[in-house]
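[1] here is the input, now give the coordinates:
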Amino acid sequence: MAVQVVISTTRVPVTTKPDSLQKLPVIGWREWVALPDLACDRIKVKVDTGARSSALHAFNIVEFEKDGENWVRFDIHPRQRQKEPVITTEAKVLEHRLVKSSNGKTTRRPVIITNVKWQSMTWRIELTLANRDAMGFRMLLGRQAVRGKMLVDPGGAFYGGKPARRKKKPTPKN
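    Reported below is the predicted structural model:
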């Protein structure tokens, strides 16, 4: 029995994006954001559409009860590869969630809801707290946080701009 192969030369028209997508702002694969509820004026995030949830580097995590609700107090190192400054903050715990990290390990993490600010936009996101000391970015902005709010350009970065570099203190000369 002979197999007949049919090759189509019909071109499929390329369509433009729906109007709803054309109006969304574009964010790069890495950006500077603020977490105003957590007293963090800037932190560099990796926009990771491969990650469902967003994650923040947190350490010294202590859970406690406040007004009959579960809260968490934790420290943040907002600067990559730096131990200073340390921001101590607290937030109400939404829930605990099992999250599988990029290395395949599943951990139980507290989840908080907080505001994230990028350019003139501020919106609420769910944020898991985890020790990300060994990771390149102190925060991941997952696809749930950007879905329906912006388009991600995987080849672009810092569409929201870069903060002014802080001048290093001069070293004293002898």
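[2] buried stuff in stretch 67-83?
    Burial within stretch 67-83, assessed by neighbour count using 16 or more other CB atoms under 10 Å, is assigned to Trp71, Val72, Phe74, Ile76, His77, Pro78. Backbone N, C-alpha and C define where each C-beta goes, glycine included.
[3] can you name the residues in contact with it?
    38, 40, 42-44, 56-65, 84-93, 110, 112, 129, 133, 136-138 (CB atoms under 8 Å, 6 or more residues apart in numbering).
[4] rerun that using 7 Å as the cut-off
    Residues external to stretch 67-83 that are found in contact with it (CB atoms under 7 Å, 6 or more residues apart in numbering): 38, 40, 42-44, 56-65, 86-93, 110, 112, 129, 137-138.
[5] now do stretch 142-158
    Applying CB under 7 Å, 6+ apart, the external contacts of stretch 142-158 come out as 21, 24-32, 47-49, 51-54, 116, 123, 125-126.
[6] any idea how far Phe64 is from the residue most central in space within the chain?
    Taking CA atoms, centre = their mean, the centroid of the chain lies closest to Leu141, which sits 1.9 Å from it. Computed as CB to CB, to the nearest Å, the Leu141 to Phe64 distance reads 27 Å.
[7] so where is this structure shaky, pLDDT-wise?
    1-21, 166-174 (pLDDT under 70).
[8] now the strands for it?
    26-28, 30-35, 40-48, 54-57, 59-66, 69-76, 87-100, 106-118, 121-130, 139-142, 151-153 (DSSP state E).
[9] so which elements touch the second one?
    If contacts are counted by 3 or more CB pairs under 7 Å, 6 or more residues apart in numbering; DSSP states H and E, strand 30-35 sits against strand 40-48, strand 106-118.
[10] so the last one versus strand 87-100, what angle?
    So that's strand 106-118. On the basis of axes from the mean of the first three to the mean of the last three CA atoms, to 10 degrees, strand 106-118 is oriented at 130 degrees to strand 87-100.
[11] one more: the shortest one?
    Put simply, strand 40-48 runs at 20 degrees to strand 87-100, going by the same axes, to 10 degrees.
[12] on that earlier part again, buried members of the contacts of stretch 67-83 into ChimeraX, please.
    Remark: buried members of the contacts of stretch 67-83, expressed as a ChimeraX selection using 16+ other CB under 10 Å:
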select :38,40,43,44,56,57,58,87,89,91,93,110,112,129,137,138
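[13] one step back: would you turn the strands of the chain into TSV with distance to Tyr159?
    Formatted as TSV, the strands of the chain follow (distance: least, CB to CB, whole Å):
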stretch	distance to Tyr159
strand 26-28	5
strand 30-35	7
strand 40-48	10
strand 54-57	18
strand 59-66	30
strand 69-76	24
strand 87-100	25
strand 106-118	9
strand 121-130	12
strand 139-142	13
strand 151-153	7
